[in-house]
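# Give me coordinates for this.
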Amino acid sequence: LESLGPYNTLFFKELKCYKKGTSNTIKLMLIHLKLFSPLSDAAGAAEMSLSLEEGANLRNVVEKLVARFGGEMKKHFFDVEGRIIPSWAVFINKRVIPFNHPDALEAQVEAGDEVSFILNIAGG
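Numbering: from 1, shown residues only. The predicted model follows:
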């Protein structure tokens, strides 16, 4: 579902799953990601769509990226002790989310949102 391309429209509203004779409905949504180096290098793309369950937050976005792209992605998000690296500038629809704030990963994302990750670099 993630490979449908950037800026595509929402092609589905829910996915039905069946388990042991019961029917459970999982509602999915698509968001658009903009990844800047080194995340784009780890993902092999600067832009992509990502499917998530409705009600997802930035933590779910990061977890899905790490699950999909493995250790190369993980090393850019987490330090050796498993803490999130706060040096990312994160935007949801051009609204800044301070990644160094303790609740930053709880920021909600909605269907059609654009989420951007840019590494803050200082120097002269």
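
# make it CA atoms for all contacts and neighbour counts henceforth
Will do.

# pLDDT on the lengthiest helix in the chain, on average?
Using DSSP state H, we find that the single longest helix of the chain is helix 58-69. Helix 58-69 shows a mean pLDDT of 96.

# quick one: A104 and F91 touch, right?
No - between A104 and F91 there is no contact under Cα atoms under 8 Å: 10.8 Å.

# more neighbours, the two?
Using other Cα atoms under 10 Å, the more surrounded residue of A104 and F91 is F91, with 19 against 16.

# Quick check: closest non-adjacent residue to that one.
S116 (5.1 Å; Cα to Cα, 6 or more residues apart in numbering).

# for the one you found, what are its contacts?
Contact analysis of S116 by Cα atoms under 8 Å, 6 or more residues apart in numbering lists L33, K34, L35, F36, A89, V90, F91, I92, K94.

# repeat that for 10 Å
32-36, 46-47, 88-97 (Cα atoms under 10 Å, 6 or more residues apart in numbering).
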